[in-house]
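[1] quick one, fold the following:
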Amino acid sequence: MNTNSFPISKSVRAQDEIEYQNGSVVSKTILKKEKGNLSLFAFDKGQALSEHAAPFDAMILVTDGKAEVIIGGKSNIVEAGEMIIMPANIPHAEIG
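    Residues are numbered from 1 along each chain as shown. Below is the predicted model of the structure:
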């Protein structure tokens, strides 16, 4: 499986590729492969993804605002321009 609807070898701004929606979490798949996916998410304030785990490491890069990222029960505040790695098989949740 190798699905890619995103431009290759072209610079893009993440903020230009996804729109916020009131009361929602919006996601857009950038790259989908057997060993993992890359996705963009836009969270309206107070919206969240419930706790889950992934079989591979995942990374969050906050481009606008801030988010609370809970990894293994520990809260982390991640602000615009910052990123955080979420280890494989450790439960995590994201709150906008």
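[2] pLDDT weak spots in the chain?
    Low-confidence segments of the chain (pLDDT under 70): 1-5.
[3] this structure: strands as residue ranges?
    All strands of the chain, identified by DSSP state E, fall at 2-4, 25-33, 36-43, 48-52, 58-61, 66-71, 74-79, 83-86, 92-95.
[4] go through the ones you listed and pick out the most buried.
    Between the strands of the chain, strand 92-95 has the highest mean count of neighbours, a mean of 19, where neighbours are mean count of other C-beta atoms under 10 Å. Where C-beta positions appear, they are placed from N, C-alpha and C, glycine not excepted.
[5] on contacts alone, who are the packing partners of that one?
    With contacts taken as 3 or more C-beta pairs under 8 Å, 6 or more residues apart in numbering; DSSP states H and E, strand 92-95 sits against strand 36-43, strand 48-52, strand 66-71.
[6] in this structure residue 12 contacts residue 6, no?
    Yes - if you go by C-beta atoms under 8 Å, residue 12 and residue 6 touch, sitting 7.3 Å apart.
[7] which one of those two has more residues nearby?
    Between residue 12 and residue 6, residue 6 has the larger neighbour count (other C-beta atoms under 10 Å), namely 15 against 10.
[8] ok, the residue lying closest to the more buried one once chain neighbours are set aside to residue 22 distance?
    Closest residue to residue 6 apart from its sequence neighbours, by C-beta to C-beta, 6 or more residues apart in numbering: residue 30 at 4.6 Å. Distance from residue 30 to residue 22, counting by C-beta to C-beta, to the nearest Å: 24 Å.
[9] good, we can wrap up now.
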